[in-house]
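Engineer: Predicted coordinates and the sequence they were generated for:
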Amino acid sequence: MLRLDGRVDVGVVGSGGVYAETREVSALLDWTREVLAPYGFTPDLSLPLVSVCRDELMFAFIDTVTSHWGHCFDLSSLAGLPLLGRTGLAAALGHAPDAGGRHRLVVLAFPHIGVDGDGRMGMVHRRGVPGVTTACGAVHIARQALVYGVSGVVLDPHDVEESLLVQRLRRVLGDGVVPDLPQVTEIVRRSAVEEMRLLLSGLATPELPVDFALFSGIVVHAGETDRVTLDSADVTVDGRQIDLLARARPDSS
């Protein structure tokens with residue numbers, strides 16, 4: 001449940017209420033600025049890092065992040081799984097503003113899913129494209145690969161990102177039943193958060209303090225507008241992780 005200011009903004013998207021409680025992207029980004037300000041995070045003293053899918057449908061989300069936090073360092077890959085590794089994140093750190101020797105990163109990890117006019121999950125209308133198409137297409141293809149028994153062991157050098165996505169999902173799911181698309185999308189989200197935590201945890205040194213905030217959820221494309229869930233939000237300052245949702249919404253019912 002997304003409660004940013006004591007209220008839930010309900011968007012009727014999806015079938016079965018899977019994404020019934022969502023919020024406009026701009027409202028979420030407004031809240032990130034408000035909740036991070038007490039910890040010294042401001043647009044001029046922070047670098048936003050965005051881990052989303054390469055899909056052009058995500059450009060509007062990136063534009064909104066830019067309007068709130070400034071130009072983003074792009075962590076994107078197919079499905080939004082961050083694959084830049086330690087070298088890529090070290091490069092991002094080198095681009096972060098230096099505030100008296102301290103660096104601050106605002107990380108947003110948001111895979112996406114479409115919902116068409118009939119409430120079908122994973123489908124979306126694209127301008128100029130007849131009929132409906134999949135979103136996220138990469139997650140859809142990866143899920144199908146798992147259904148057909150692809151092991152995920154072999155890395156295709158000409159399809160690296162999709163291969164790594166299948167590999168990660170297979171590692172999480174094993175050989176069990178493959179869940180539906182919303183559930184697989186949630187696994188991608190959790191995997192993105194796990195990978196970012198691993199990479200971020202090794203950045204700071206006594207000589208180079210690094211504070212970072214990490215927000216994650218799902219971008220839902222429904223009709224002409226995008227909406228978002230918020231599934232995790234925390235900030236790490238001087239190595240201490242603080243749950244922003246617990247602090248910002250004492251009533252989490």
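Structural biologist: That came through fine.
Engineer: Do a quick rundown of the strands in the stretch 101-250 of the chain.
Structural biologist: Assigned strands in the stretch 101-250 of the chain, in chain order: 103-109, 112-115, 123-124, 133-134, 210-216, 219-222, 225-228, 232-237, 240-243 (criterion: DSSP state E, counting those that start in this stretch).
Engineer: where does this structure have low pLDDT?
Structural biologist: 1-17, 247-253 (pLDDT under 70).
Engineer: Kindly recompute the last result at 90.
Structural biologist: 1-22, 99-100, 116-120, 122, 125-134, 150-155, 175-177, 202-208, 222-225, 245-253 (pLDDT under 90).
Engineer: quick one: P111 and T185 touch, right?
Structural biologist: Yes: the pair P111 / T185 is scored as a contact, 5.5 Å apart, by CB atoms under 8 Å. Heads up, the C-betas are built off the backbone N, CA and C, glycines and all.
Engineer: Common neighbours of these two, please.
Structural biologist: Common contacts of P111 and T185 (CB atoms under 8 Å, 6 or more residues apart in numbering): 136, 139, 218.
Engineer: Now V178. Nearest residue, chain neighbours left out?
Structural biologist: L146 (4.7 Å; CB to CB, 6 or more residues apart in numbering).
Engineer: check contacts around that neighbour.
Structural biologist: L146 neighbours (CB under 8 Å, 6+ apart): 152, 166, 169-170, 173, 178.
Engineer: Apply 10 Å and report the result again.
Structural biologist: L146 is in contact with 152, 166, 169-170, 173, 175-179, 184, counting by CB atoms under 10 Å, 6 or more residues apart in numbering.
Engineer: can you map out the helices along this structure?
Structural biologist: Using DSSP state H, the helices of the chain run over 25-36, 59-69, 85-95, 137-147, 160-173, 181-201, 244-248.
Engineer: Save the ones you listed as JSON lines, and put in distance to D44 too.
Structural biologist: What follows is those, written out as JSON lines (distance: least, CB to CB, whole Å):
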{"stretch": "helix 25-36", "distance to D44": "12"}
{"stretch": "helix 59-69", "distance to D44": "10"}
{"stretch": "helix 85-95", "distance to D44": "14"}
{"stretch": "helix 137-147", "distance to D44": "34"}
{"stretch": "helix 160-173", "distance to D44": "33"}
{"stretch": "helix 181-201", "distance to D44": "21"}
{"stretch": "helix 244-248", "distance to D44": "21"}
